[in-house]
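Chemist: Quick one, what's the 3D model for this:
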Amino acid sequence: MRLLMLDRRLFSAGLCLSALLALNPAAAQQPAPPAAGALPAGPLSEAVVAVVNDNLISSYDLVQRIRLLAVTTGVQPTAESIPQLQQEALRGLIDENLQIQELHRVEKQQKITIVATEKEIDDEIQDIAKGNNTTAQSLLGSLETQGISSETFKDQLRASISWQNWIGGRYGSRIRIGNDQVTAVARQVAAAAAKPQYQISEVLIDSPRVGGIDNAIIGANQLIEQLQKGAPFPAVARQFSSAATAANGGDAGWVSSGEIQAEVDKALEDMRPGQLSAPIAVKDGVYIIYLRDKRAGADSLIVNLKQAAVILPADADSATVAAAQAKLAAIRPQIKGCADLEATAGAVAGVVAGDLGEAEIKDLAPSFRDAANSLDIGQISQPIRTAAGLHLVAVCGKRQSGMGSESPAQIENRLRGQQLALISRRYLRDLRNAATIETR
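Modeler: As a prediction, this is how the structure comes out:
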């Protein structure tokens, strides 16, 4: 049988399928970059440069991948950048060999087909070309003019497509994102919305993958130099980043202070829009952050409320008020949340239930404002006395004015993507640790 194709946008396995979107179709009419065509012949002459278990990686494979990296990232192959391109290209080839070897092992063991077929590769190239307003033939021809064989490109796609389908197919259905997780993230976003917010793009260099934090910092500095020379950040992120955002060109969207790692948070405080950070070391790697925009936290909180109420005159006697309080107190435990408030409370004689809609919290009556401030989304207040009666108030949503908010489905997809990216990194790390890898 064949594994179902999954949405590859959910996570990144290190090398992004859409990396060629950064390629200019006009390059087909341009000569190959002189530096790329003049890669050093000495150490990169035809030879075996690495052995991954029983698979050989030749210097031809390595030079081809270096050229592909240079074209897709915009990193100029100079004397200073070639060592980093060479190291990243070799790491990529080693990872792809490990991935394909593992997939062939699983295919043989489970009698299933995982490795992408030629048709799937051709379809992917057509999609990439279409996204770049060109044709598959022009795209491959553009690579050929820059000394990159179509097989080099197809091999990269084959490994990436196959690996991501396998990770998604094996683990995607096992990941459970509970409503409590989604609600917790929504609460964090709402709570953080009043804090300073940053629109960022990111590159994460996985320090275990590159041989330690020192190597990660060196690599980050080299990438920063290339970015400062004009290499497109999205293209660099797609090829070099190990973060889940790599598939989106490193775009992490708007984040709030306190929502991100403390080291990144601290660096952002002193950055200006349009600025590139220095390398930021964290527990498992090094970040490069591009601050696209920043804004102060929104000062107007909008809440979505529902209520269950017993109508009482302002001068109702204490016995009447006490009876109404007892009725609402009995209803309150039966209400599971905003979804069933109206049906549950509205079925009780003498109780009026309804949706109050959205309102700025500062415009609410003081007693309702206090409840809305203190309650989390989904929580229900104790009975509140007003001149109109007694009320149970449920908070069904909170957001800052002027800010778009993620839907529950979007939050769930984001959390799922993060977990799949983490699984992919750990799986590949285990394969590296178990493999026999010799570099020459």
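Chemist: Where do the strands of the stretch 101-250 of the chain begin and end?
Modeler: Along the stretch 101-250 of the chain, counting by DSSP state E, counting those that start in this stretch, strands occupy 197-206.
Chemist: any idea where the helices of it begin and end?
Modeler: Secondary structure of the stretch 101-250 of the chain (DSSP state H, counting those that start in this stretch): helices at 118-131, 136-145, 150-171, 179-192, 207-210, 213-228, 233-240.
Chemist: What average pLDDT does the second one get?
Modeler: Summarised as a single mean, pLDDT over helix 136-145 is 91.
Chemist: quick one: buried residues of it?
Modeler: Residues of helix 136-145 classed as buried by neighbour count (16 or more other CB atoms under 10 Å): 136, 139-143. C-beta here means a position set from N, CA and C on the backbone, and glycine is covered the same way.
Chemist: CA-only coordinates of it in PDB, if you can.
Modeler: The C-alpha atoms that make up helix 136-145 are tabulated as PDB, following Å, rounded to 0.1, in the frame of the first residue of the first chain:
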ATOM      1  CA  ALA A 136       9.200  23.100 -15.100                       C
ATOM      2  CA  GLN A 137      11.300  23.000 -18.200                       C
ATOM      3  CA  SER A 138      12.400  26.600 -17.700                       C
ATOM      4  CA  LEU A 139      13.100  26.000 -14.000                       C
ATOM      5  CA  LEU A 140      15.300  22.900 -14.700                       C
ATOM      6  CA  GLY A 141      17.000  24.700 -17.600                       C
ATOM      7  CA  SER A 142      17.800  27.700 -15.300                       C
ATOM      8  CA  LEU A 143      19.500  25.300 -13.000                       C
ATOM      9  CA  GLU A 144      21.400  23.600 -15.800                       C
ATOM     10  CA  THR A 145      22.800  27.000 -17.000                       C
END
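Chemist: by contact count, what packs against it?
Modeler: Here helix 136-145 touches helix 118-131, helix 150-171, going by 3 or more CB pairs under 8 Å, 6 or more residues apart in numbering; DSSP states H and E.
Chemist: Then the fourth one?
Modeler: The contact analysis (3+ CB pairs under 8 Å, 6+ apart) places helix 179-192 against strand 389-400, helix 408-434.
Chemist: tell me the angle of it relative to strand 389-400?
Modeler: Interaxial angle, helix 179-192 versus strand 389-400 (axes from the mean of the first three to the mean of the last three CA atoms, to 10 degrees): 80 degrees.
Chemist: any idea how far the strand or helix carrying residue 72 is from the chain center?
Modeler: Using DSSP states H and E, residue 72 sits within helix 59-73. Offset of helix 59-73 from its chain centre (CA atoms, centre = their mean, to the nearest Å): 26 Å.
Chemist: So for stretch 258-274, mean pLDDT?
Modeler: The model assigns stretch 258-274 a mean pLDDT of 89.
Chemist: now the end-to-end length of that stretch.
Modeler: Across stretch 258-274, the terminal residues are separated by 21 Å (CA to CA, to the nearest Å).
Chemist: in it, what counts as buried?
Modeler: For stretch 258-274, the neighbour count (16+ other CB under 10 Å) marks 259-260, 264-265, 267-268, 271 as buried.
Chemist: again with stretch 426-437
Modeler: 427-428, 431.
Chemist: Low-confidence stretches in the stretch 201-350 of the chain?
Modeler: Scanning the stretch 201-350 of the chain for pLDDT under 70 picks out 296-300.
Chemist: Let's see that with 80 instead.
Modeler: In the predicted model, the stretch 201-350 of the chain carries pLDDT under 80 at residues 247, 257-259, 295-301.
Chemist: wait, which of the buried residues of stretch 258-274 is closest to residue 278?
Modeler: For the buried residues of stretch 258-274, the closest approach to residue 278 (CB to CB) belongs to residue 267, at 7.6 Å.
Chemist: Give me the angle between whatever helix or strand the closest one lives in and strand 197-206.
Modeler: Using DSSP H and E, residue 267 sits within helix 262-269. Put simply, helix 262-269 runs at 130 degrees to strand 197-206, going by the same axes, to 10 degrees.
Chemist: other SSEs contacting helix 262-269?
Modeler: For helix 262-269, the packing partners by 3+ CB pairs under 8 Å, 6+ apart come out as strand 280-282, strand 285-295.
Chemist: With distance to residue 178 as new columns, can those be given to me in TSV?
Modeler: Output for these, formatted as TSV (distance: least, CB to CB, whole Å):
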stretch	distance to residue 178
strand 280-282	27
strand 285-295	28
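Chemist: Which one, of these, ends up nearest to residue 422?
Modeler: Here strand 285-295 is closest among the helices and strands packed on helix 262-269 (CB to CB), at 12.6 Å.
Chemist: What are the contacting residues of that closest one?
Modeler: For strand 285-295, contacts defined as CB atoms under 8 Å, 6 or more residues apart in numbering pick out 196-207, 213, 216-217, 219-220, 223-224, 227, 233, 242, 250, 261, 263-264, 267-268, 271-277, 279-280.
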